[in-house]
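> next one to model:
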Amino acid sequence: MKLVVVGGGSAGRTASIEAAQIGENVTLIEMDEIGGKCLNTGCMVICGLNDVARFSKNAQKFNQTGITNVNPKIDFEKVAEGIKNTTAKIRGVISSETRKAGVNIVRGNAKIAEGFVIVDGKDYPYDKLIIATGSHAFIPPLKGVEYAKTYKDILEYKEVPEKMIIVGSGTIATELAGVFSLMGTKVHILCRSTFLKDVDSDIRTYIKEKLLKDVEILENIPVTEIYPDGVLTKSGRFTGEVILAVGMNPNSELAKDLVELGKKGEIVVNKRMETSQKDIYAAGDVVGGIGTTPVARMEGVVAARNACGIAAEVDYSFIPSSISLYYDVSFIKTNEEGINGQIPGSAGPGAFWNVLDRETGFTKAVVDENGEIKGVSSISPSARTVIAYMSKFMRDGYKTYDFDNFIEAHPSTDAVYKLMRFFSKFG
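Numbers count the residues shown, from 1 in each chain. Got it, this is the predicted structure:
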């Protein structure tokens, strides 16, 4: 069976490797760079920037306590160069990994027809097709929008901006605000509606008051025009570098004549990642669901298995989410009611010196009277890892009393197990 995968990001690359390991003939077509948005312009770029931003923040903190007397100056061009070099090395590793799995990688722009994909005039016939073309930043129809940047342009700065205006209210806007405010930029976030409206209110409050305390966040402030040096709103004019972070659009244009699209241009799929067209599957951001790398990988695996004749369905229950700030903010959100519990974060690696300022984060959980865990949120240096395992526990039906014999690796900033032990009396 010949399988062609269009898109070499998280969903497409994972799908390709999965199908190749099953034993199928797989061709992966990528127009730009293997690794997609996550590696080349998204998650990994934020990781690199955050490492530098946290170092700068910690240096300030140690200066204030009198422990050190250093004032590091950030060379943003060197930061950008270092990030590009690092992501290039990662790209080389995953490209090699993909080829070693038996995948034929083809670089070029794809055009999809029924039964084959055309790349630079050459036909690649398929028995099954997986579309994993990702998404791109939504550009609103505003006057002067050409003066604004998006997440893809961040590494183009020659120096840390003095002022920045971030138009948006979601995760991307929040992470960029966190990075640049720690680097010394005066940041405004202008939200068309509510800041982080889908995030738990206690988490949102902590982010605003602690993690983004130097950022001015203005809600219900739509932008009416963008200038080379700022924006205009009904409340007045704001000056600074302008970043648009107002959402993502699926890259579904090349498939619009083949499969059914939804209202926002997403490719419509079922739980088997099947499209409206027989033998054509889709996965990742292009299907318009939960736009995270782990979900894209999961969808890619499911698409590949079904394309190879192995029945599989995606499971979107208890999906962990995260926001990269000075502390990781991670959570598993449900709309379930239950017993709420909350405790301050623990002193430990990455949080010890913040005890002096009472800024160690916090952990929150919701359980029912039977000890079933309904939701978990955590802000700490270890939150991202902890929440991933909690997602697994919740999927597998673990209860609070299952943590009675839990032994942590000490010292740790994980406070989840402490809450679970507290809640065990309700089990």
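> next, residue 15: phi, psi?
In terms of degrees, to the nearest 10, the main-chain angles of residue 15 are phi -60, psi -40.
> what about it, how many neighbours?
Neighbour count of residue 15, defined by other C-beta atoms under 10 Å: 34. Bear in mind the C-beta positions are built from the backbone N, C-alpha and C, glycine included.
> and residue 201, how many neighbours does it have?
9.
> buried residues in stretch 387-399, which are they?
Neighbour-count burial for stretch 387-399, counted by 16 or more other C-beta atoms under 10 Å, picks out 387, 390, 391, 393, 394, 398, 399.
> could I get the residues you listed as a markdown table with pLDDT and secondary structure?
Shown next, in a markdown table, are the buried residues of stretch 387-399 (pLDDT from 0 to 100; DSSP: H, G, I helix; E, B strand; the rest coil):
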| residue | pLDDT | secondary structure |
| --- | --- | --- |
| 387 | 96 | helix |
| 390 | 96 | helix |
| 391 | 96 | helix |
| 393 | 95 | helix |
| 394 | 95 | helix |
| 398 | 94 | coil |
| 399 | 93 | strand |
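> how near is residue 370 to residue 339?
Per C-beta to C-beta, to the nearest Å, residue 370 is found 11 Å from residue 339.
> the two: which is more packed in?
Using other C-beta under 10 Å, the more surrounded residue of residue 370 and residue 339 is residue 339, with 14 against 11.
> how about that one: what's its closest non-neighbour residue?
The spatially closest residue to residue 339, leaving aside those adjacent along the chain, is residue 367, at 5.5 Å (C-beta to C-beta, 6 or more residues apart in numbering).
> any idea what the one you found is bridged to?
Counting by DSSP bridges, residue 367 is bridged to residue 339, residue 373.
> which single one of the buried residues of stretch 387-399 is nearest to residue 59?
residue 387 (28.4 Å; C-beta to C-beta).
> number of nearby residues for residue 299?
30.
> in contact with it, which residues?
Residue 299 is in contact with 11, 273, 283, 284, 287, 289, 314, counting by C-beta atoms under 8 Å, 6 or more residues apart in numbering.
> residue 135: which of the residues you listed is nearest?
Using C-beta to C-beta, those come closest to residue 135 at residue 284, 8.1 Å.
> backbone dihedrals for the closest residue to that closest one other than its chain neighbours, please?
Nearest residue to residue 284, sequence neighbours excluded (C-beta to C-beta, 6+ apart): residue 11, at 2.9 Å. Backbone torsions of residue 11, given as degrees, to the nearest 10, read phi -70, psi -50.
> surely residue 11 meets residue 297?
Yes: counting by C-beta atoms under 8 Å, residue 11 touches residue 297, with 6.7 Å between them.
> between these two, who's got more neighbours?
Neighbours were counted for residue 11 and for residue 297 using other C-beta under 10 Å; residue 11 has more, 34 against 20.
> next one: that one, what pLDDT does it get?
Here the pLDDT value assigned to residue 11 is 98.
> for the remainder of this discussion, apply numbering that starts at 50.
Got it, the first residue is 50 from now on, which makes the last one we talked about residue 60.
> separation between the most centrally placed residue in the chain and residue 133?
In the chain, the centroid-proximal residue (C-alpha atoms, centre = their mean) is residue 341; its distance is 4.8 Å. Noted for residue 341: a distance of 23 Å to residue 133, by C-beta to C-beta.
> surely residue 338 is within a helix?
No: assigned with DSSP: H, G, I helix; E, B strand; the rest coil, residue 338 falls outside any helix and is coil.
> domain map for the chain?
51-186+297-356, 194-293, 370-475 (automatic domain parsing).
> for the shortest one, the averaged confidence score.
Over the span of domain 194-293, the pLDDT mean works out to 97.
> between the two ends of it, what distance do you get?
End-to-end distance for domain 194-293: 9 Å, by C-alpha to C-alpha, to the nearest Å.
> for the first one, same thing?
Looking at domain 51-186+297-356, the gap from its leading to its trailing residue is 10 Å under the measure C-alpha to C-alpha.
> figure out how far that domain is from the centre of its chain.
Distance of domain 51-186+297-356 from its chain centroid, counting by C-alpha atoms, centre = their mean, to the nearest Å, is 12 Å.
> and the longest helix seen in the chain, what's buried?
If you go by DSSP state H, the chain has its longest helix at helix 125-149. Buried residues in helix 125-149, counted by 16+ other C-beta under 10 Å: 125, 128, 129, 132, 136, 140, 144, 147.
> ok, now which ones touch residue 166?
Residue 166 is in contact with 53, 55, 78, 159, 160, 172, 173, 175, 178, counting by C-beta under 8 Å, 6+ apart.
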